[in-house]
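Asks: Next come a sequence and a model predicted from it.
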Amino acid sequence: MAKLWAIIKREYLERVRSKWFLIATFFGPIFFSAIIIVPAWLASRSKATSDVYNTTILDATGTNFGHRLAVNIAGDSTNTAKMPTVRVVAPAELTKAESVAVHEVMRKEHTGYIVVNQQTLAGESARYAGTNATSIADMAQIKNAIRDAILASRLEQVGLDNRRMKEITFIPLDFSTERITERGRAGSGMASVLFGFAIGFLLYMSIVIYGQTIMSGVLEEKTTRVAEVVMSSVPTDTLLAGKVLGVGAVGLTQQIIWIATTYILLKLRAPIMAKLGAPTVNFSLPDISMMAGILFLLFFLLGFIFYSSLYAAVGSSVNSESEARQAASPLMIMIVSTGVFIQPVLLNPTGTTAKVLSMVPISSPIIMPIRMAVTGVPPLELAGSLIFLAIGCLAALWLASRIYRVGLLMYGKRPTMREMARWVSYAR
Amino acid sequence: MTEYAIDIVNVTKRYAEHTAVRDLTLRVPTGSVYGLLGPNGAGKTTTIRMILNIIAPDQGAIHIFGRSSNDPKVTQRMGYLPEERGLYRKMQVRRVLKFLAELKGVSGADADRRIDEWLERLSLKTAEKDWGLAKIDELSRGMQQKVQFIGTLLHDPDLVILDEPFSGLDPINAQALKDTVVELKRRGKTVIFSTHLMDNAERLCDSVCIIARGEKVLDGTVTDVKEEHGQRNIALALDGDGMSGVAAILRDNSLVKRADDSNRFFEIEMTPGADPQQLLKRIIESGASIQRFEMIQPSLHQIFLQKVGATGIEEGMSGHG
């Protein structure tokens, strides 16, 4: 036990002391809060870009419709800075006026121009041309402004005064969304998808990074022959267990720091968003119970043991970093193909794909926590997933320890799959 | 104290493609310096790994100080220096040494004290510079080798196992290693090392075992091996007078089996069981003036070549030692 402890301690302390660990631990929370804050910030920006104000209205209606539209776009008749330019043109002159407007846009004097005419007044058609024509938010804003202007002129025709008209047409609708799970209301839908994505991404990255850390660690011990010195003092299984546990503890430390600081950063989200000049988007943090938190960590640990023991086996069977990269590609494929399913599972967390993937040990450590983040998972499925994953871990450890103890002592050419299969059958 | 530090009986280790060690029996007396000699691929490293319980034999038994080789108490008493050497490159020297010490059950202040002693002894820690605080990859190769010796000997093992210890050593460290081996022996420790450098083996070892193709070719004390395999020849050179008296002595079949006469130089093959000292006495009594009287023994190198030959290396086996 003292020797196992010595190995765990070395693996843990040497990695936690490294510059790499400090950098990753420091940048992690910034990265994860950026994942959550930036989309919210972008969403707030997409409400209205200033592009819509810098447009020209070519008014061929023969009424004051153009001015009304400009006021509508600016949102306020006194705010002249936000008001698009209005040009009243005769219907016959429209082609020429458009050509002028096009050149103005090309010279970047304006973002675009709006054409309103008799068809517009009739509620049939209007046109927009500009550099931001693909911006869904901008186009929706202009379209709504035109619609409102049409409605306003119609209401005026039936005799409503300006003030009454504004009262009737002013609808400051705030449309918020919230998700309902089997356990009840579960905070904003957007937030839990982002949260699910963050969890999936975190697990995915951790498994790849720490798996490869273990692999190069094993390879270093093999190439420097330190492994032989250690093996002359402790059984190989102890060495393997010490490595997996030591590096796993590093991963756990990092994740706990990440989660804690990300949580704090998100709590301070409102002031940060205010500094960025964006209005605070109304979404609450997903409600994570203690139990769910423990389950996340359990999935991380088991998934880590599953993959890192296999990575250790790969590291022990090769003789150089480049061979290791090649030999690890089946593992990489297993992880990456799981990563590919993160988005589909987020979109349909209760579908058959999600259910199957959360049972297979190869993908369950990443997929199941995502499902838990975005939907309620029946306890039976959770238990099944954990049991299969635990069995998978035992199988991976058994296989890895057998390859490991032979591989560490084999130098020379890289073994074939057949040779590695034979190693498994070696007594010791 | 047990008579044998290492007692290997009828040990066989097979791999899929070949048998690395076949029915090997050897005994290393406690307190001796023992050489395991053989060409590359002879099974030296496999044997050493079995002694260290890194791998288990398919057949046979290995006892270290009278205990089974997988007894944890035994592993604490062994120190091992593997053939190709290296250490955790990014790790601080002291921390590496402390880790290695902990694996051998030496920890805390005791380990720190021993590390200081050793670093000072091998001048890795001086008034100007404490290399113990440097990282391994900041050290020169020679210094790294020193650190590795320290790692092997830090827990004061009773049995020190060195695999090809002289390969890659600079002359200074090679001398330091020889001094260390001699000192270990003086302190009653047992040292076993593998090598294919017969010169070193001949000078350092009390006993040797030559193995080739996984099998023992011969073993015994260096003196015995040489006596058994040497022709007990004597080189004799005379100075002018007294030739006739000597010629009579050389015809005495109870002493001399055969004499190769080259006028003033003779190479004499002694009769089995005859005492060369007796021959020398007779020649002196005959009044001859002796320029040279030397017992010539073939070197281990010659015995090795004679016993193992150029075919001792089995193809495709190198790397498995």
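Replies: That came through, no problem.
Asks: What about B:Gly220, how many residues nearby?
Replies: Close neighbours of B:Gly220, defined as other C-beta atoms under 10 Å in any protein chain shown, add up to 15. Every residue, glycine included, has its C-beta placed from N, CA and C.
Asks: wait, isn't it in contact with B:Ile210?
Replies: No: applying C-beta atoms under 8 Å, one finds B:Gly220 not in contact with B:Ile210, separated by 9.9 Å.
Asks: neighbours around residue 290, how many?
Replies: Because you didn't say which chain, this covers chain A. Neighbour tally, A:Met290, other C-beta under 10 Å: 7.
Asks: Let me rephrase: I mean chain B.
Replies: 14.
Asks: cool, A:Leu239 as well?
Replies: Number of residues near A:Leu239 (other C-beta under 10 Å) recorded here: 25.
Asks: doesn't it fall inside a helix?
Replies: Yes: counting by DSSP: H, G, I helix; E, B strand; the rest coil, A:Leu239 is part of a helix.
Asks: what sits against it?
Replies: Each residue near A:Leu239 by C-beta atoms under 8 Å, 6 or more residues apart in numbering or on different chains is listed here: A:7, A:227, A:230-231.
Asks: Looking at those residues, spot the one nearest chain B.
Replies: Proximity of the contacts of A:Leu239 to chain B (C-beta to the nearest C-beta) peaks at A:Met231, which lies at 4.6 Å.
Asks: gap between the closest one and B:Glu117?
Replies: 27 Å (C-beta to C-beta, to the nearest Å).
Asks: Looking at those two, which one has more neighbours?
Replies: Taking other C-beta under 10 Å, A:Met231 and B:Glu117 do not tie; A:Met231 has more neighbours (26 against 13).
Asks: Ignoring the adjacent residues along the chain, who's closest to the closest residue to chain B within the stretch 201-350 of chain A?
Replies: In the stretch 201-350 of chain A, the residue that lies nearest chain B is A:Thr224 (2.8 Å; C-beta to the nearest C-beta). Spatial nearest neighbour of A:Thr224, chain neighbours left out: B:Gly86 (2.8 Å); criterion: C-beta to C-beta, 6 or more residues apart in numbering or on different chains.
Asks: Tell me if I'm right that the one you found and A:Glu221 touch.
Replies: No: B:Gly86 is beyond contact range of A:Glu221, at 9.1 Å (criterion: C-beta under 8 Å).
Asks: residues near residue 247, how many?
Replies: Let's take chain A. 23.
Asks: nope, chain B
Replies: Number of residues near B:Ala247 (other C-beta under 10 Å) recorded here: 14.
Asks: How about A:Thr56?
Replies: Neighbour count for A:Thr56, taken as other C-beta under 10 Å: 25.
Asks: Spell out the secondary structure type for it.
Replies: Per three-state DSSP, A:Thr56 ends up strand.
Asks: So which residues on chain B come close to chain A?
Replies: Contact residues, chain B versus chain A (C-beta under 8 Å from any C-beta of the partner chain): B:16, B:49, B:52-56, B:58, B:75, B:78, B:80-91, B:95, B:99-100, B:102-105, B:107, B:151-152, B:319.
Asks: and chain B, what are its domains?
Replies: Taking automatic domain parsing as the reference, chain B has its domains at B:4-227, B:232-296.
Asks: Centre of the chain to the shortest one, how far?
Replies: To tie it back to what came earlier, the one meant is domain B:232-296. Relative to its chain's centre, domain B:232-296 lies at 34 Å (C-alpha atoms, centre = their mean, to the nearest Å).
Asks: again, but for the longest one
Replies: Centroid separation for domain B:4-227 versus its chain: 11 Å, with C-alpha atoms, centre = their mean.
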